[in-house]
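> sequence unknown, structure follows:
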């Protein structure tokens, strides 16, 4: 930010050894780069007499050690600090450092700009006589920048709420609308980012802070130390056998294992650098006098820092002692993550459990309110609309199935974080009530997801095909669409891949916490298998859906693979780890934007179509026709992309839902089918041909060239042209006799499914019988493939047909003008 003051200040303070000589109750220090000044707000006390010490000031920034100074108090200020005086010091002021210290050159400029700075300062006092450490204080550093921002939390939460409301409305109109599945994908992506920081890895601080923006999707909302919910959970645990520590006050970073970020291991040895000529006695004396006179915040500091030092206490309560052997050390993974939002490790499950209860309570209340409105509107509609005007074809809206489908969505959203904390709670061996509630929650989740899964698989097997699962009027689809409706018919079972992968991730995070290598190896392998399943199975009905799903799977695989660099055993330097953390954060951030854009794009497309399923042609239900399935797939969330067509009715009231739409055949006598040359001859009914005096068709094997119709204008497709006056009233001029029956070929009337005539004699005999005994099968304006009121047998009209067709033919025949060419 232009014009922003660059500074580095302390963010937390702990003892790195049990306090012996120096006691601290407040310690805040800020360094400003523009004028090389230091501001203090310190409260400390020296409590032991006759102690001669040397002081070591050590600064660690991203593993680098720009400052490592040792001061012998007996050699400076004329021995005024030797022995160390017993003194209670409380003061605040700002001083300018001497230019001879050259501090600016020792602190890299990036330390003032990079978010979530990884650095700390350590002050050690060592007894000159015994070599014993009399005091050791560590203070972590910050520069005011962080990737954990409340604005990001509110923005992601606002988008999720907007997507929820839009999906709620869309699902009431189209049960399998794509936006509803994109909402689930968005929530799953949020949770993937949040749970990615729960592994036992040495995450850089910048990435851990980034993932905290999505902690709310895991049921971990930031709380204060005095949160009523956390206090209630603490009391409940202690009353039911819980012995683990409660959430501590202050920042969780002060309890982080010193081998992890932001400490990155403490140096074991220090170099001594006498600095007796750097301070004059009168200078230090004047500063000490000024510190003792002022107990407030310096008045000449920048506004942001003044507010920071005045309102924030670095030390809240007792200063904690944190060593490698301390029991209060936070280990990598879930403990650091949950404590960063002021939730103790032992309270994680109960916090998520209460959050889930509140989520379902609000959801059920909204659904109950909606049901009341639905019933009220139906009653008013029934009172205003007479019974005779009601449309019997319009099915009533099944609100109960709609509500059950949204309950299933809420279960799918909350299942991943709950399973992680359930399994992790079992490893803590804490409160028996927490364990009991975790078992009940697990059983509920298994029942809520397991039963729909079982019924879906049973229906697919029992009814002989998965297409029954996608019938628009199928109640099972209305209730369980969130599981499988987004996948094509042949891959309805693909939801099992995502469910199994989700459960395995939770198991790896919770039960493999003692081995970071095992965790990351199992998760990378799992994500790799998921990517392969997308490539092989291609579960979506449209190619765009496969690209979208595969992209999300590849993002998870790539980010999981990059996290290998965070293994503590690899000892990767802090700066490369920070760079990798930034790359992962950018990848996830871009993916979030892609999913949000995809959601609103699909919602816009669906709204533009009027929230209706446009008619599309039915596709094959076999795996071999997957290419044609996807080329005719939906783009608006309808069931038609899965190969299931909506019921349609012809003008005559005939159900044509199961009639495939194909390219109409050319009305030629040979049906465009290769035949023997001697058979490929037309009937003598052409206007240019010889007049036939008998109703019996001539033999196909003895016609002359004068009867050919070469050069004649054929009637247009899907139309009928009556025979010439001199022509016999045969069934059809071009031999086309309507649409075939199920199982018959479109190229031969009366042929077998194989597409060849069942026999030459029987075929010709059936044609002679039909043509000599019946008028035209079609009348002008009739629909192809229909008989226009007459019963048919095998697609031909016989003498037993309706007399209305014969009369209509005779009346229309007299109105046809004579052809001048005949």
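Nice, thanks for sending it over. What you see is a predicted model; the values in this text were computed from it and never measured. Numbers count the residues shown, from 1 in each chain.

> counting neighbours, which bits of stretch 13-23 end up buried?
13-17, 20-22 (16 or more other CB atoms under 10 Å). Just so you know, the C-beta spots here come from the backbone N, C-alpha and C atoms, and that holds for glycine as well.

> stretch 89-98 too?
For stretch 89-98, by 16+ other CB under 10 Å, it's 91-94.

> which parts of the longest helix anywhere in the chain are buried?
Using DSSP state H, we find that the single longest helix of the chain is helix 348-384. Residues of helix 348-384 classed as buried: 348-353, 355-356, 363, 367, 370, 374 (neighbour count, 16+ other CB under 10 Å).

> then stretch 590-602?
Buried, per 16+ other CB under 10 Å, within stretch 590-602: 591-592, 595-596, 598-599, 602.

> ok, residues contacting that stretch?
With contact meaning CB atoms under 8 Å, 6 or more residues apart in numbering, stretch 590-602 is reached by 156, 159, 163, 177-179, 182-183, 185-186, 189-190, 193, 548, 551-552, 555, 636-637.

> put the buried members of the residues you listed into a PyMOL selection.
To isolate the buried ones among the contacts of stretch 590-602 in PyMOL, judged by 16+ other CB under 10 Å, type:
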select buried, resi 156+159+163+177+178+179+182+183+185+186+189+190+193+548+552+555+636+637
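
> picking up where we left off before, now, among the buried residues of stretch 89-98, which is nearest to residue 410?
Using CB to CB, residue 92 comes nearest to residue 410 of the buried residues of stretch 89-98, at 51.7 Å.

> name the SS class of the closest one, please.
Look at residue 92: counting by DSSP: H, G, I helix; E, B strand; the rest coil, its state is strand.

> what is the burial count for the nearest residue to it once chain neighbours are set aside?
Residue nearest to residue 92 in three dimensions, not counting chain neighbours: residue 41, with 4.2 Å by CB to CB, 6 or more residues apart in numbering. Using other CB atoms under 10 Å, residue 41 has 27 neighbouring residues.

> tell me the buried residues in the helix or strand in which residue 41 is found?
Under the criterion of DSSP states H and E, residue 41 resides in strand 37-46. If you call a residue buried by 16+ other CB under 10 Å, then strand 37-46 has these buried ones: 37-44, 46.

> mind putting the residues you listed in CSV, distance to residue 258 and pLDDT included?
Listed next are the buried residues of strand 37-46 as CSV, based on distance: CB to CB, whole Å; pLDDT from 0 to 100:
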residue, distance to residue 258, pLDDT
37, 30, 86
38, 25, 85
39, 27, 86
40, 25, 78
41, 25, 84
42, 23, 81
43, 25, 83
44, 22, 82
46, 26, 82
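
> separation between the nearest residue to residue 342 once chain neighbours are set aside and residue 116?
Leaving aside its chain neighbours, residue 342 sits nearest to residue 223 (4.9 Å; criterion: CB to CB, 6+ apart). Distance, residue 223 to residue 116, by CB to CB, to the nearest Å: 21 Å.

> who has more neighbours, those two?
Taking other CB under 10 Å, residue 223 and residue 116 do not tie; residue 116 has more neighbours (22 against 16).

> list the residues that contact that one.
Taking CB under 8 Å, 6+ apart as the test, what residue 116 contacts is 142, 145-148, 204-206, 208-209, 262.

> how about it, secondary structure?
From three-state DSSP, the assignment for residue 116 is coil.

> from the buried residues of strand 37-46, which single one is nearest residue 383?
Distances from residue 383 to the buried residues of strand 37-46, taken as CB to CB, are shortest for residue 41 (73.2 Å).

> would you confirm that the closest one contacts residue 25?
No - the pair residue 41 and residue 25 does not pass the contact test of CB atoms under 8 Å, sitting 11.4 Å apart.

> residue 145: neighbour count?
Residue 145: 16 neighbours (other CB under 10 Å).

> that one and residue 265, how far apart?
24 Å.

> now residue 357
42 Å.

> closest to residue 339 out of the buried residues of stretch 590-602?
For these, the nearest to residue 339 is residue 592 (25.2 Å; CB to CB).

> give me the pLDDT value at the closest one.
Per-residue pLDDT puts residue 592 at 97.

> where's it, which helix or strand?
Secondary-structure assignment from DSSP H and E places residue 592 in helix 574-608.

> quick check: next helix or strand after the one helix or strand residue 193 maps to?
Counting by DSSP H and E, the element that carries residue 193 is helix 178-195. Next helix or strand after helix 178-195 toward the C-terminus (DSSP H and E): helix 205-211.

> quick one: list the elements packing against that following helix.
helix 178-195, helix 334-339, helix 574-608 (3 or more CB pairs under 8 Å, 6 or more residues apart in numbering; DSSP states H and E).

> for it, which positions count as buried?
For helix 205-211, the neighbour count (16+ other CB under 10 Å) marks 205-211 as buried.

> pretty sure residue 67 is in a helix, no?
No - applying three-state DSSP, one finds residue 67 to be strand, outside a helix.

> wait, it sits on residue 105?
No - under the criterion of CB under 8 Å, residue 67 is not in contact with residue 105, lying 10.9 Å apart.

> so which of the two has more stuff around it?
For residue 67 versus residue 105, neighbours defined as other CB under 10 Å are more numerous around residue 67 (15 against 8).

> any idea of the pLDDT on that one?
Confidence score, pLDDT, at residue 67: 77.

> what is the rounded mean pLDDT of the helix holding residue 193?
Rounded mean pLDDT across helix 178-195 is 96.

> tell me where the model's unsure across the stretch 1-150 of the chain.
1-3, 77-78 (pLDDT under 70).

> quick one: the strands in it?
7-15, 22-32, 37-46, 53-61, 64-72, 87-96, 119-127, 133-142 (DSSP state E, counting those that start in this stretch).

> want to throw those into TSV with distance to residue 329?
Listed next are the strands of the stretch 1-150 of the chain as TSV, based on distance: least, CB to CB, whole Å:
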stretch	distance to residue 329
strand 7-15	11
strand 22-32	20
strand 37-46	24
strand 53-61	18
strand 64-72	23
strand 87-96	30
strand 119-127	15
strand 133-142	13
